[in-house]
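# got a predicted model here, sequence first, then my questions.
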Amino acid sequence: MDINKPIETKYKVEVADKSKRKRVIKENITKKALRKHPIPIKGKTVDCKVVLLPIDIPIYHLNNGRTRARQRSHIIDNDHKDNYFKDALENNKQQNIQHKILVDLAQVSKSDIYAELKRKAEFRDDSPLLLDSNGVVINGNRRLSSIRELYKSDPKKFQKFKHVPCAIIEQFLDDKQIKQIENHIQVRKEFKQEYDWISLALEVKEEKDILGVPFSQIAVDMGKSEEAIKRNYELISLIDKCLINDYKDEGNYDLIKNQEQIWKNTIERANKQGIKPVEKEAIFKFARMVSLNSGKFETRDYSINNALQKKSSLEDAVSFFKKYHNLKSTAKKEGDPDDPLSDLNVKNTLDISIVDKIPVKKNSSDLILKCVDYLLNKKDFSAARKYSKDALSKIEAMNYMKYPEKDRKEIEKNLNKIISKSEKIIDGKLK
């Protein structure tokens, strides 16, 4: 979904007053409860009463892990404050934006929730929405957005969507408990819900940094290993650093949403057994360089990333950029208690001060490709001879080419560079 050009939706959210929502829910629980539905709450299974509610009564949960990245894009594109969605649960404007996001997500998911509901034209009674006592949807936001949209498009055909079965959690829940329920239902692998890779990492970050949930508990709630949770946290932390320092666009996850393999491979490689701290920093630095120049290489981005990040190539790659940028070491003596980086240099050939100084710049794809070319051919002792023959062949071929007026200055500039660099090689390497 392009937030700048949001999809057109027919349904318009008109948030029912909170007191009205509570009253309608309470009346239905008291008089019209259909059955009970088991929900895991605080480590126990609680039978929640299921009621049939008008589709206008529930409101979307805006602190939704699945929509967080898209909300962030909207905030950035429209210069809103960071809490634009967080503090606007009862606001029609934010609820309508959330509706558009959810309708789109319902159609791009693997299961295509929207298409399935459209085809069946009825809502499964055994899979009710999950609401708190205030009418906020804890689980089922995409399904609610879909039936609202379908009903509005054709009330007669989709008359069964005028009301929706909802399981109501009557007891008070704090933010941590709501997240635990969401994770159990939505994220755990056996439920096969499609959290995109950025949203899942952001969910881990929020629970750890904002709610203060330990990694071990997040792992239990999400049905994943603690190591996987820690890696997701490290993943989003590295991406945030890249967006802030390199892209100069904090929180704009749209910029890296198509780079999943680059970042996941990076975290996996950085955490392999035997990888030293300074090597890890080099791996992270190269990922940031490739990310910022993504789409400008002659091959797939992750292939470039992999070539730079191989453990056996790290020292040569760092040396290449050190020489190119004429970087000088500022590392202090080994074991200096006043230097927090000194331990990273002990018994390592890589210099953390050099790794830190390697610049991450846009429009440096040619330089990165040169480094990769060097790494791939460094063990080929005849590579220099082959390169010289290829260069000569191309120069000779230029004798038979045309030189458009608009290109002549650039051609002359490039040829002069070739002469200069050739002379340096001859004087420095061949004499």
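Right, received. Where do you want to start? Numbers count the residues shown, from 1 in each chain.
# every contact and neighbour count from this point should use C-alpha atoms.
Fine.
# quick one: D87 from D175, how far?
To D175, D87 is 14 Å away according to CA to CA, to the nearest Å.
# worst-scoring helix or strand of the protein, pLDDT-wise?
helix 342-345 (a mean of 49; mean pLDDT, DSSP states H and E).
# report the buried residues of the next helix or strand after that helix.
Going down the chain from helix 342-345, the next helix or strand is helix 352-357, by DSSP states H and E. Buried positions in helix 352-357, judged by neighbour count with 16 or more other CA atoms under 10 Å: 352-355, 357.
# break this protein down into its domains, please.
As assigned by automatic domain parsing, the chain contains the domains 18-194, 258-377, 383-429.
# okay, those in a markdown table with distance to E227 next?
Shown next, in a markdown table, are the domains of the chain (distance: least, CA to CA, whole Å):
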| stretch | distance to E227 |
| --- | --- |
| domain 18-194 | 15 |
| domain 258-377 | 10 |
| domain 383-429 | 43 |
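# what about the ones you listed, which gets the closest to G251?
Of all those, domain 18-194 sits nearest to G251, with 6.6 Å by CA to CA.
# quick check: mean pLDDT of that closest one?
Mean pLDDT, computed over domain 18-194, is 90.
# quick check: next helix or strand after the strand or helix carrying S388?
In this structure, S388 is located in helix 383-397 according to DSSP H and E. For helix 383-397, the following helix or strand on the C-terminal side (DSSP H and E) is helix 408-429.
# what's that next one packed up against?
Judged by 3 or more CA pairs under 8 Å, 6 or more residues apart in numbering; DSSP states H and E, helix 408-429 has no packing partners among the helices and strands.
# how far is it from where the chain is centred?
43 Å (CA atoms, centre = their mean, to the nearest Å).
# what's next to that helix, contact-wise?
The contact list for helix 408-429, computed with CA atoms under 8 Å, 6 or more residues apart in numbering, is empty.
# tell me the SS of the closest residue in space to K18 that isn't next to it in sequence?
Distance criterion CA to CA, 6 or more residues apart in numbering; nearest residue to K18, sequence neighbours excluded, is N134 at 6.6 Å. Secondary structure, DSSP: H, G, I helix; E, B strand; the rest coil: N134 is coil.
# same check on the one 3 residues further on?
In the three-state summary, V137 is assigned as strand, counting by three-state DSSP.
# show me what contacts it?
Taking CA under 8 Å, 6+ apart, we find V137 in contact with 58-61, 129-131.
# can we see that at 10 Å?
Residues near V137 by CA atoms under 10 Å, 6 or more residues apart in numbering: 58-62, 64, 129-131, 144, 166-168.
# of the residues you listed, closest to I236?
For these, the nearest to I236 is N64 (17.1 Å; CA to CA).
# residues contacting that closest one?
71, 86, 98, 137-139, 141, 179, 182, 199, 203.
# where do the helices sit along the stretch 51-200 of the chain?
68-77, 92-108, 113-120, 141-153, 175-182, 197-209 (DSSP state H, counting those that start in this stretch).
# pick the most deeply packed of the ones you listed.
Sort the helices of the stretch 51-200 of the chain by mean neighbour count, taking mean count of other CA atoms under 10 Å, and helix 141-153 sits at the top with a mean of 24.
# quick one, that one and helix 92-108 angle?
Interaxial angle, helix 141-153 versus helix 92-108 (axes from the mean of the first three to the mean of the last three CA atoms, to 10 degrees): 100 degrees.
# now helix 141-153 - C-alpha only, PDB.
Output of helix 141-153 as PDB, limited to C-alpha atoms (Å, rounded to 0.1, in the frame of the first residue of the first chain):
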ATOM      1  CA  ASN A 141      -8.800  -6.300  12.900                       C
ATOM      2  CA  ARG A 142      -8.200  -7.400   9.200                       C
ATOM      3  CA  ARG A 143     -11.400  -9.500   9.200                       C
ATOM      4  CA  LEU A 144     -13.400  -6.700  10.600                       C
ATOM      5  CA  SER A 145     -12.100  -4.200   8.000                       C
ATOM      6  CA  SER A 146     -12.900  -6.700   5.300                       C
ATOM      7  CA  ILE A 147     -16.500  -7.400   6.300                       C
ATOM      8  CA  ARG A 148     -17.200  -3.700   6.800                       C
ATOM      9  CA  GLU A 149     -15.900  -3.000   3.300                       C
ATOM     10  CA  LEU A 150     -17.800  -5.800   1.700                       C
ATOM     11  CA  TYR A 151     -21.100  -5.000   3.500                       C
ATOM     12  CA  LYS A 152     -20.800  -1.300   2.400                       C
ATOM     13  CA  SER A 153     -20.200  -2.300  -1.200                       C
END
